[in-house]
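**Q** only geometry, no sequence info:
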């Protein structure tokens, strides 16, 4: 073997942390009563089944990339990071109206980030945790220095108004986090995986309308996801009692509560804060975790230094979770 | 192997825990949906707990056929190992 077969390698940061969060939702609030005028449903039924009180719907001319620009810009401001410092943009989503071009490059340009590595990532509702894990690892190996991760969705383009079981769940929005190097490692290892044998449980009908087998998805989420969250804790070297905040993907309040119940059974503290942002934001897929955290930080229900356990799960089926410390 | 009375009592405990229905109200002729007001997601939770308790598999397509408490008792009785 000659020297030209021995290539130079990068080395990166010892640890990483989240430097800031941002989010954006469209202005239009849609209540359960509003939906009951469009389809055969009612406020109590929706609250009982999924826990949603209201959600935000975009207008026709408000696009996924618009929410992503707003959320990304807000996250940079929160982090005190200039666009010029960002070298990589990861944009988890599953509702871009076309495959080409991707969302990440145009969003980065509009934010003022010059020639970053930029790509979309589709792990559906697990997308943010996948993106955060990837961002952290890119920085640790030296491929990136500062990464903007933006989960953004316009799910209302993919709602079949005649499918009342699914049309009441989904909504629009974006949430973002800025990730950078840190001496004190504040993002734990990502624990991720997939169950492609269950591909038929959540999919787009006619390449357009999101459909899911509600009972089967509920069974999977309430039995298989808490163990993933516990594995993420173990990977970070922590125990359930170390967690201040649990942020499951905001799929359905009853799934959120089920995961929280299992974390409590595993030893979580009584004062564990559990994200319930779905009540006022609906299910925003890859945006839901950073959207919930941004709302909770602004509401003061969480504080800097809190230890967060996040877990995303959805179509694929895909799942991912990790622990991180709040800025 | 539990007899049908024991299965019914075990199911009643699960239904009470999941849906808050008093155990005495969980009788064989009752419909889960129409009489006990149990929705499709709670049925999944009941099925998952029944699987653990009785060592049976209750797939979602079978679950749809279990209309009454008696249907569930008979299913468990026929399929428990």
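**A** Yep, it's here. Source: prediction; values computed, not measured.

**Q** Let me see the contact set for the residue nearest to residue A:151 when sequence neighbours are not counted.
**A** Once flanking residues are discounted, residue A:151 sits nearest to residue A:286: 3.6 Å by CB to CB, 6 or more residues apart in numbering or on different chains. Any C-beta I mention is one placed from the backbone N, CA and C, and that applies to glycine too. Taking CB atoms under 8 Å, 6 or more residues apart in numbering or on different chains, we find residue A:286 in contact with A:92-94, A:123-128, A:131, A:151-153, A:312.

**Q** ditto for residue A:104
**A** By CB under 8 Å, 6+ apart, the contact list for residue A:104 reads A:89-91, A:118-120, A:150.

**Q** Helix or strand: which one has it?
**A** For residue A:104, the element it lies in under DSSP states H and E is helix A:103-111.

**Q** Show me what counts as buried in that helix.
**A** For helix A:103-111, a neighbour-count test (16 or more other CB atoms under 10 Å in any protein chain shown) marks A:103-105, A:107-111 as buried.

**Q** Quick one: mean pLDDT over it.
**A** Averaged over helix A:103-111, pLDDT sits at 98.

**Q** Most neighbours among the contacts of residue A:104, which one?
**A** Across these, neighbour numbers were computed from other CB atoms under 10 Å in any protein chain shown; residue A:150 holds the maximum, 38 neighbours.

**Q** Give me the secondary structure label for the residue lying closest to that residue once chain neighbours are set aside.
**A** Distance criterion CB to CB, 6+ apart; nearest residue to residue A:150, sequence neighbours excluded, is residue A:176 at 4.1 Å. Under the three-state scheme (DSSP: H, G, I helix; E, B strand; the rest coil), residue A:176 adopts strand.

**Q** My guess is residue A:176 contacts residue A:78. True?
**A** No. Residue A:176 lies out of contact with residue A:78 (CB atoms under 8 Å); the separation is 9.1 Å.

**Q** which residues are in contact with both of the two?
**A** Residues touching both residue A:176 and residue A:78 (CB under 8 Å, 6+ apart) are A:21-22.

**Q** List just the nearest of the buried residues of helix A:103-111 to residue A:282.
**A** Residue A:282 has its nearest neighbour among the buried residues of helix A:103-111 in residue A:103, at 20.4 Å by CB to CB.

**Q** any idea how far the closest one lies from chain B?
**A** According to CB to the nearest CB, to the nearest Å, residue A:103 stands 33 Å off from chain B.

**Q** before we move on, what about residue A:69?
**A** Counting by CB to the nearest CB, the gap from residue A:69 to chain B is 37 Å.

**Q** For that residue, which residues are in contact?
**A** A:107, A:110-111.

**Q** repeat for residue A:115
**A** For residue A:115, no residue meets the contact criterion (CB under 8 Å, 6+ apart).

**Q** can you tell me the helix or strand for it?
**A** Using DSSP H and E, residue A:115 is not contained in any helix or strand.

**Q** Looking at residue A:176 and residue A:78, which one has more neighbours?
**A** Comparing residue A:176 with residue A:78 by other CB under 10 Å, the one with more neighbours is residue A:176, at 36 against 21.

**Q** which residues does residue A:246 contact?
**A** A:229, A:259-260, A:263, A:268, A:272-275, A:308-309.

**Q** so which two of those residues are the farthest from each other?
**A** Based on CB to CB, the longest span within the contacts of residue A:246 runs between A:229 and A:273 and measures 14.7 Å.

**Q** Out of the two, name the residue with the larger neighbour count.
**A** residue A:229 (28 against 18).

**Q** Please determine how far that one is located from chain B.
**A** 17 Å.

**Q** Which element, helix or strand, includes that residue?
**A** Taking DSSP H and E as the criterion, residue A:229 maps to helix A:214-235.

**Q** mind listing what's buried in that helix?
**A** In helix A:214-235, counting by 16+ other CB under 10 Å, buried: A:214-223, A:225-226, A:228-230, A:232-233.

**Q** Which strands or helices does the helix or strand of chain B at the bottom of the mean pLDDT ranking pack on?
**A** Lowest mean confidence among the helices and strands of chain B (mean pLDDT, DSSP states H and E): helix B:60-63, at a mean of 92. Counting contacts by 3 or more CB pairs under 8 Å, 6 or more residues apart in numbering or on different chains; DSSP states H and E, helix B:60-63 packs against helix A:214-235, helix B:40-54.

**Q** Could you say which of the contacts of residue A:286 is surrounded by the most neighbours?
**A** For these, neighbours tallied by other CB under 10 Å; top is residue A:152, 38 neighbours.

**Q** Having no further points to raise, I will conclude here.
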